[in-house]
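fold the following.
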Amino acid sequence: MRNQETRVRGIAARAGGWSARHRWAAVGIWVLFVVLATGLGSAAGRVDVKDSDQMGGETHTAARIVEEAGIDEPASESVLVQAKSDGLKATDAEFRAAVGAVVTAVEETGEVTGVTSPYDAKTISKDGRSALVQFDMRGEADTAGDRVEPVLKAVEGVQKEHESLRIEEIGGASMMKTFDDAFGDDFKKAEYSAVPVALGILLVAFGALVAALVPVALAITAIIATMGLMGLVSHFQPMSETANSVMLLVGLAVGVDYCLFYLRREREERAAGRDARTALRIAAATSGRAIVVSGVTVCVAMAGMLFTGIAEFEAMGLASLMVVAVAMVGSVTVLPALLSLLGERVEKGRVPFLRRRRPSGSTGEGSRFWTAVLKRVLARPLLAAVVAVGALLAVAAPALGMKTQNLTLDQEFGDSLPIVQTYNRVNEAFPGGSDPAEVVVKADDINAPEVRAALADFRERAIGSGASRGPVDITVHDEQNVALVYVPLVGGSDQDEAGESLDKLRDDVRPATLGKVDGVEAPITGQVAGNKDFNDQLVGSVLPVFAFVVVFAFLLMLLSFRSLTVAITSIVLNLLSVGAAYGILVAVFQHGWGASLVGAEGVGAIITWLPLFLFVILFGLSMDYHVFVVSRIREARLRGRSTRDAIQHGVVTTAGVVTSAAVIMVAVFAIFGTLSMQSMKQMGVGLAAAVLIDATIIRGVLLPAVMSLLGERNWYLPKWLHRLPDLTHDESPEAIAPTVRDGERGERGEPVGV
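Next up, the predicted model:
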């Protein structure tokens, strides 16, 4: 026994062995780590991404100038006063009285400043039926949503007194409050419900409360520790609320999966008659190793987001990478200690009406369903491969026409919120007025005659060029030598038309005016400009990110399995899975096919950031299943089975755990598909569909079919690559062969463990 254990090598096997021998020390170190990470992170505080770091291009330059100048732009609000019929005009007494009442009502709240009447600011629509009362919220713009309630109530009061008019407020603060009220609780419920859903599925999978609680507990502690680490790391790489939500999703998914893989293998070995120590050693050398390989591959995939140059993506990538690393370490260290401590008590809390099932593979039979599927796949592997690839390519086909854009307010929320209807009415009456372009002009002397002349010329040409219908407002900050020019763009909420207006400003109007004055910077920002700059930067980062993720995943698979064939097929199968997910997204959300089935609407586009985000996340997560299944196939092959036999054994014996893990992921991601925001629906549906495809068609049909066709070529490694580091030692027969009692026979009838 002792001689055999000395042959066990590898990080996972050694970590599992040490933890099993030093159970309380391993648990204590983990608890101390979680407590220290949480405490230090809380003490350090979290630094969030600044506006100036959010974007690239001119948007970044504009934000930097405003930030360096110390200009705090307030949250601007507008009140739309609009006649419900064609008969009433802004020049009528009733209309004027309503405008005056709005001005008085908002001023009396004490929460606003700079109230301007439409009769002074010339903010009256061409048809004379609509007018805008404009003002700014006092205090910081970031918290204006917390103070806008009295103003909204004041506007509602005026509306009740003038039934022939439509009087509605819209702006940064009111939209912030509306969305927080409508969707803040929505997000929290989704995040909070993810844990109970995962626990419920694990209860069904294991049939015992303790066995179900262990993976959830480790995943939650990994998430808590990572939250603390995010606080520390944020002082070097700023974080965000979005990164926090993504970290929670990824942490729960991989944390539960890793523990599930390990726990199921340990239970499987014990059900097969191994003693507790041997079962843990086998689980460490097999599932533990698969967890390490998978975890490192997922971390590499998440690191791809660091190459986008977009602060939000960098925050999401780093947060996800950290939680995967923490979950991986916890799974191969503290989990063996917990299983050693619990022993048979892991079966405590049996759930009534759930029969006690032997873990898949414990009797050598495995899943009956997948045994039946594999029998047909391996009987005709070429046909199975052709059908599976054809089906995946057909599903992926719509992705060829993918259109990406940042969704407008009405696309994002539909007509579910009254403020969306207000947004549409404002844009119809005042095209571009709700989201004007903002020109940030910085000069050595903003009041110099040539600068003033250039500003006036810019205002005239912006309207004369057809990029804007006005009014073009200019706010000068004398002390900072900065002027802010607000230009309503022709096109309004129509992103394509508004984008053309922006191009006129940037390419024609600005060079002919402000561009002729030496020493003047005039970057153009705003929502339309921000969307364009974001898209340009994202498109520019796609190839580097794709190349980084694919190349490093290929190298990791090559080193982990020492097979060129396995490495290549891993990449190809993952790309097929991602492509199918893209196709489903485009079909449902761009073309509207079956959109009502998921409570969605065909919005005509996929939100810009989603394809790259999905690629990185899915490429990482799908490696979980792939590494786990292929590791089991290779293990069986090393123990003397034929390749065909090993494929069937590996797929069938892992079917139960892969199915359970996939169901958890699909359920958690599907929760986010129930949210009202179209972008969140797209993310949830895309992730859930991809995981479902990956765990069924890819791992259950295509992988075994392809490996069966390749036969012994699955393990092909050119001689010139034999010098590569050998990371497959945990799969050696000595490492996984169990110690058995005298007279016990192995799977093939020969004595084992001698």
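
pretty sure Val99 sits against Val115.
No: counting by CB atoms under 8 Å, Val115 is not a contact partner of Val99; they are 10.9 Å apart. C-beta: built from backbone N, CA, C; applies to glycine.

tell me which of the two has more neighbours.
In this comparison of Val99 against Val115, neighbours counted by other CB atoms under 10 Å, the higher total goes to Val99 at 24 against 16.

over to the closest residue to the more buried one other than its chain neighbours. Which of the three states is it?
Across the structure, with CB to CB, 6 or more residues apart in numbering as the measure, the residue nearest Val99 apart from its sequence neighbours is Val81 (5.6 Å). In terms of secondary structure, Val81 is strand; the call rests on DSSP: H, G, I helix; E, B strand; the rest coil.

what about Val81, how many neighbours?
27.

ditto for Phe261
The burial metric for Phe261, expressed as a neighbour count using other CB under 10 Å, is 29.

okay but it is in contact with Ser287, surely?
Yes: using CB under 8 Å, Phe261 and Ser287 qualify as a contacting pair, with a distance of 4.7 Å.

mutual contacts of the two, please.
Taking CB atoms under 8 Å, 6 or more residues apart in numbering as the contact criterion, the residues that touch both Phe261 and Ser287 are Phe628.

host element of the residue nearest in space to the middle of the chain?
Most central in the chain under CA atoms, centre = their mean is Val246, positioned 5.0 Å from the mean C-alpha point. Secondary structure here is read from DSSP states H and E; on that basis Val246 sits in helix 241-271.

buried residues in that helix?
For helix 241-271, the neighbour count (16 or more other CB atoms under 10 Å) marks 243-271 as buried.

same question, stretch 525-542
Along stretch 525-542, the positions that meet the burial threshold by neighbour count (16+ other CB under 10 Å) are 525-535, 537-538, 541.

do stretch 675-690 as well
For stretch 675-690, a neighbour-count test (16+ other CB under 10 Å) marks 675-690 as buried.

can you check which helix is longest in the protein?
Within the chain, and with DSSP state H defining each element, the longest helix by residue count is helix 527-561.

okay if I get the buried residues of stretch 525-542 as JSON lines plus distance to Ala212?
Putting these into JSON lines (distance: CB to CB, whole Å) gives the following:
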{"residue": "Thr525", "distance to Ala212": "50"}
{"residue": "Gly526", "distance to Ala212": "51"}
{"residue": "Gln527", "distance to Ala212": "46"}
{"residue": "Val528", "distance to Ala212": "50"}
{"residue": "Ala529", "distance to Ala212": "50"}
{"residue": "Gly530", "distance to Ala212": "45"}
{"residue": "Asn531", "distance to Ala212": "45"}
{"residue": "Lys532", "distance to Ala212": "49"}
{"residue": "Asp533", "distance to Ala212": "47"}
{"residue": "Phe534", "distance to Ala212": "42"}
{"residue": "Asn535", "distance to Ala212": "44"}
{"residue": "Gln537", "distance to Ala212": "44"}
{"residue": "Leu538", "distance to Ala212": "40"}
{"residue": "Ser541", "distance to Ala212": "40"}
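
which neighbours do Val99 and Val115 have in common?
Among the neighbours of Val99, those also in contact with Val115 (CB under 8 Å, 6+ apart) are Val133.

now do the strands in the stretch 501-650 of the chain.
524-525, 606-607 (DSSP state E, counting those that start in this stretch).

before we move on, back to that, was I right to think the residue nearest to the centre of the chain contacts Ala319?
Yes: using CB under 8 Å, Val246 is in contact with Ala319, at 6.5 Å.

so where's this protein uncertain?
Counting by pLDDT under 70, the chain shows low-confidence ranges at 1-10, 51-55, 182-189, 191, 353-367, 414-416, 432-434, 492-494, 601-602, 726-754.

ok, which stretches of the stretch 451-600 of the chain are helices?
When assigned using DSSP state H, counting those that start in this stretch, the helices of the stretch 451-600 of the chain occupy the ranges 495-504, 510-512, 527-561, 564-585.

secondary structure element for Ala688, which one?
Take DSSP H and E as the rule and Ala688 turns out to sit in helix 678-693.

which strands or helices does that helix pack on?
Packing contacts for helix 678-693, counted by 3 or more CB pairs under 8 Å, 6 or more residues apart in numbering; DSSP states H and E, involve helix 409-413, helix 564-585, strand 606-607, helix 610-638, helix 643-672.

so after it, what's the next helix or strand?
Sequence-wise, the next helix or strand beyond helix 678-693 is helix 703-710, with elements assigned using DSSP H and E.

what does that next one contact?
The set of residues that contact helix 703-710 without belonging to it, under CB under 8 Å, 6+ apart, is 374, 377-378, 381-382, 384-385, 388, 565, 569, 573, 626, 629-630, 633, 643-644, 647-648, 651, 714.

in PyMOL, select just the buried ones from those.
Buried members of the contacts of helix 703-710 can be picked out in PyMOL with the line below, counting by 16+ other CB under 10 Å:
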select buried, resi 374+377+378+381+384+385+388+565+569+573+626+629+630+633+643+647+648+651+714
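
this completes my enquiry, with thanks.
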